[in-house]
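Novice: give me a 3D structure for the following:
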Amino acid sequence: MGALGLVTACGGSPPRGPASRGITPGAGQTLPGRPGGTGPASSIPVMPNTATAPPPRSAPATPVGPNSVAIKNFAFHPAALTVKAGTTVTWTNQDPEPHTVTSQGQGPLRSATLASGASYPYKFTTPGTYKYQCSIHPFMTATVTVTQ
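Specialist: Numbering: from 1, shown residues only. Next up is the predicted model:
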């Protein structure tokens, strides 16, 4: 007797595949995995490859002017800026997410929520160190130092 309890005519292995189970194609049909058949030999569905390549790395944030701060990749660039009193600093959101420019503690910086592409200018008139953050993402922090 063969491995599946079938008697084989030549003492070899028992037949395998769809034909051994009594499955035969009808007129104009084919069986996957058989000569002349189409498709994979397995009954497991084959899913198309839907994986995509990772997005290209974005370019580093670049301020849009000499007294500018870019908001990109959830950070302020530069994180430390020094300007003279009377200078206007402009923050521009280059992220697809909204951000703010908000003084830490008491301070003059209080932007509205900046959508992607929006800017916030502020004129510094008093020397000092101004620490600020994004109120939506408090881990984003930076400093403007104002000199005489």
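Novice: I'd say residue 133 and residue 105 touch.
Specialist: No. Residue 133 lies out of contact with residue 105 (C-beta atoms under 8 Å); the separation is 10.2 Å. Every residue, glycine included, has its C-beta placed from N, CA and C.
Novice: list the contacts of the residue lying closest to residue 125 once chain neighbours are set aside.
Specialist: In space, and not counting its chain neighbours, residue 125 is closest to residue 85: 5.9 Å by C-beta to C-beta, 6 or more residues apart in numbering. Taking C-beta atoms under 8 Å, 6 or more residues apart in numbering, we find residue 85 in contact with 124-127, 146-148.
Novice: show me which of these are buried.
Specialist: Buried members of these, scored by 16 or more other C-beta atoms under 10 Å, are 124, 146.
Novice: okay, the contacts of residue 85 in TSV with secondary structure next?
Specialist: Below are those laid out as TSV (DSSP: H, G, I helix; E, B strand; the rest coil):
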residue	secondary structure
124	strand
125	coil
126	coil
127	coil
146	strand
147	strand
148	coil
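Novice: ok, the contacts of residue 85 vs residue 79, which is closest?
Specialist: Closest approach to residue 79 among the contacts of residue 85 (C-beta to C-beta): residue 146, at 15.9 Å.
Novice: now the closest one: closest residue in space, sequence neighbours ignored.
Specialist: Of all residues not flanking residue 146 in the chain, residue 124 sits nearest, at 4.5 Å (C-beta to C-beta, 6+ apart).
Novice: do I have it right that residue 89 meets residue 121?
Specialist: Yes. Using C-beta under 8 Å, residue 89 is in contact with residue 121, at 7.2 Å.
Novice: higher neighbour count, those two?
Specialist: Using other C-beta atoms under 10 Å, the more surrounded residue of residue 89 and residue 121 is residue 89, with 22 against 12.
Novice: for the host helix or strand of that one, packing partners?
Specialist: Element membership for residue 89, per DSSP states H and E: strand 87-93. The contact analysis (3 or more C-beta pairs under 8 Å, 6 or more residues apart in numbering; DSSP states H and E) places strand 87-93 against strand 68-72, strand 119-124.
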